[in-house]
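A.B. asks: after the sequence you'll find the predicted model.
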Amino acid sequence: MDVLTSTRAVVKTALERLGYPDEVYELLKDSIRMLKVRIPVRMDDGSIKVFTGYRAQHNDAVGPTKGGVRFHPDVTEVEVNALAIWMSLKAGIVDLPYGGGKGGIICDPREMSFRELEGLSRGYVRAISQVVGPTKDIPAPDVFTNSQIMAWMMDEYSRIDEFNSPGFITGKPIVLGGSHGRESATAKGVTIVINEAAKKRGIDVKGARVVIQGFGNAGSFLSKFLHDAGAKVVGISDAYGALHDPNGLDIDYLLDRRDSFGTVTKLFDNTITNKELLELDCDILVPAAVENQITAENAHQIKANIVVEAANGPTTMEATKILTDRGILLVPDVLASAGGVTVSYFEWVQNNQGYYWTEEEIDEKLHASMIKAFNTIYNTAETRRVDMRLAAYMVGVRKMAEASRFRGWI
Ligand code: NAD
């Protein structure tokens with residue numbers, strides 16, 4: 001089952017549990033807009049390569065759509081569509097005045113030069129410029145995109161708009177209107193929910209054994225936060241393999257050696273596979289890379305007490321059931337990784353008001369928001385006797401459904 005089909009199934013169940021009629025599902029099962037674009041880029045060897053990209057806008061009943069842009073060879077229209085739905089759910093969970101959006105380009109930035117990446121980033125903005133903007137749809141970073149790419153995109157949009165438009169995109173460098181705390185926001189949010197989940201399970205994060213899949217933006221900051229909090233990070237990975245040390249890895253050394261794409265394992269001989277990593281003995285497992293990593297095939301072998309999804313869609317529906325039945329506390333992606341969009345929202349608010357907050361102010365607001373969201377969903381799961389994913393979807397879908405109803409769409 002692909003990620004879109006499984007997402008739709010959970011959305012449908014959530015709406016049924018909340019008592020909404022079928023039309024609401026008919027509206028919310030798909031993006032209201034899906035733009036496919038073709039982007040010609042002159043490569044360094046003089047040839048022209050034409051890339052395919054997408055921008056999905058799931059639902060804008062609550063407010064403008066918002067969501068990252070992914071540069072990855074495996075991007076598909078189906079994946080971008082599912083990612084946009086998840087963004088809508090996240091916005092509902094942390095109560096932001098947004099709907100969900102998402103973008104993606106089929107490319108491998110690891111094989112491209114800086115100049116080629118700039119051409120691709122600017123070409124993408126030109127191609128989608130008519131449907132995006134600070135009051136329409138606001139992009140952000142995602143897998144293999146970063147603050148430099150956001151800066152090029154913002155500059156290109158500002159040229160088209162003939163106005164400096166920092167509120168067009170979030171995840172920018174601070175000097176261009178980025179927010180303090182945005183770069184580490186996703187990991188900070190994950191850290192907050194890990195602490196809450198650990199309390200529920202009577203686990204002390206200090207001394208807990210943690211495994212993190214992915215060493216990019218989300219995974220690397222998370223490893224640092226947990227390491228500094230006294231946890232023992234016993235495993236990390238990237239796209240090429242994984243590292244394991246039951247006594248705890250030297251996180252500061254690994255952070256120092258990782259490249260900008262979150263690659264570090266290539267420097268070592270004694271690696272294990274990503275599959276082996278997920279099955280390591282640990283207390284807390286955090287998938288922070290890509291989709292479909294915990295499936296019906298390996299869910300029975302997961303040894304963690306708590307699984308916290310920093311990545312979008314790392315656990316299949318079948319695996320969600322297996323983990324829940326085994327008594328493992330699964331904190332779903334739409335809750336666990338909502339810290340990124342929360343601080344992106346703070347960045348957009350600061351851009352709109354032209355007045356900037358300190359990192360302490362951002363941290364305080366993020367903390368309050370994540371704790372509230374975790375407890376609302378945990379309590380919903382308990383009282384409704386549903387798993388945490390369904391509880392999160394029930395909480396996340398409600399505002400969007402209500403807004404669509406008040407507007408007279410359904
Ligand atoms: P990133 O590009 O910074 O890092 C991705 C990491 O995953 C790298 O270490 C890379 O080597 C690894 N990876 C890539 N393909 C892999 C594969 N097939 N198997 C194993 N590892 C692989 O990306 P990120 O921003 O850290 O995003 C990671 C996840 O977190 C994604 O699912 C993303 O959607 C989600 N997320 C990110 C943010 C954000 O603000 N960056 C916010 C919410 C959710």
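C.D. replies: Arrived safely.
A.B. asks: so residue 192 sits against residue 374, correct?
C.D. replies: Yes. The pair residue 192 and residue 374 qualifies as a contact (C-beta atoms under 8 Å) at a distance of 7.5 Å. Every C-beta, even on glycine, is put in place using the N, C-alpha and C of the backbone.
A.B. asks: so for the two, which sits in the more crowded spot?
C.D. replies: Here residue 192 and residue 374 are set side by side on neighbour count (other C-beta atoms under 10 Å), and the busier one is residue 374, at 26 against 22.
A.B. asks: so what's the residue count around the closest residue to the ligand within the stretch 201-350 of the chain?
C.D. replies: Using C-beta to the nearest ligand atom, the single residue of the stretch 201-350 of the chain nearest to the ligand is residue 216, 1.7 Å away. Residue 216 has 23 neighbours, counted by other C-beta under 10 Å.
A.B. asks: just give me the neighbour total for the closest residue to it other than its chain neighbours.
C.D. replies: When the adjacent residues along the chain are set aside, residue 216 lies closest to residue 262, with 3.1 Å between them (C-beta to C-beta, 6 or more residues apart in numbering). If you count neighbours by other C-beta under 10 Å, residue 262 ends up with 21.
A.B. asks: residues from the chain in reach of the ligand?
C.D. replies: Applying C-beta under 6 Å from any ligand atom, we find that the chain lies next to the ligand at 141-144, 186, 214-219, 237-239, 262-263, 274, 288-290, 310-312, 337, 340.
A.B. asks: so residue 223 makes contact with residue 237?
C.D. replies: No. Using C-beta under 8 Å, residue 223 makes no contact with residue 237, being 10.8 Å away.
A.B. asks: comparing these two, which shows the higher neighbour count?
C.D. replies: Set side by side, residue 223 and residue 237 give different neighbour counts by other C-beta under 10 Å, the larger being at residue 237 (30 against 27).
A.B. asks: the helix or strand hosting that one pairs with which strands?
C.D. replies: Element membership for residue 237, per DSSP states H and E: strand 232-238. Partner strands and pairing direction for strand 232-238 (DSSP bridges) are strand 209-213 (parallel), strand 241-244 (antiparallel).
A.B. asks: average pLDDT for that strand, rounded please.
C.D. replies: Per-residue pLDDT over strand 232-238 has a mean of 98.
A.B. asks: measure residue 82 to residue 333 for me?
C.D. replies: Counting by C-beta to C-beta, to the nearest Å, the gap between residue 82 and residue 333 amounts to 11 Å.
A.B. asks: okay, and the common contacts of the two?
C.D. replies: Shared contacts of residue 82 and residue 333 (C-beta atoms under 8 Å, 6 or more residues apart in numbering): residue 313.
A.B. asks: overlap in contacts of residue 223 and residue 237?
C.D. replies: Residues touching both residue 223 and residue 237 by C-beta under 8 Å, 6+ apart: 212, 215.
A.B. asks: pLDDT below threshold where in this structure?
C.D. replies: Flagging of the chain using pLDDT under 70 yields an empty set of residue ranges.
A.B. asks: could you pull out the helices for this protein?
C.D. replies: If you assign secondary structure with DSSP state H, the helices in the chain sit at 3-18, 22-28, 77-93, 114-128, 147-161, 185-200, 217-228, 251-257, 274-278, 317-325, 333-336, 339-353, 359-384, 388-406.
A.B. asks: can you list contacts of the last one?
C.D. replies: Same thing as helix 388-406. Residues beyond helix 388-406 that count as contacts (C-beta under 8 Å, 6+ apart) turn out to be 10-11, 13-15, 17-18, 20, 24, 27-28, 59, 61-62, 88-93, 95, 99, 320, 324, 329-332, 334-335, 373, 376-378, 380-381, 384, 386, 410.
A.B. asks: any quick ChimeraX command for the buried ones out of the residues you listed?
C.D. replies: Listed next is the ChimeraX selection for buried residues among the contacts of helix 388-406, using 16 or more other C-beta atoms under 10 Å:
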select :10,11,13,14,15,17,20,24,27,28,59,61,62,88,89,90,91,92,93,95,99,320,324,329,330,331,332,334,335,373,376,377,378,380,381,386,410
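A.B. asks: quick check: residue 371 touching residue 189?
C.D. replies: No. Shown here, residue 371 and residue 189 do not form a contact pair, counting by C-beta under 8 Å, at 10.3 Å.
A.B. asks: next up, the contacts around residue 52.
C.D. replies: 36-39, 105-106.
A.B. asks: many thanks, we can stop here.
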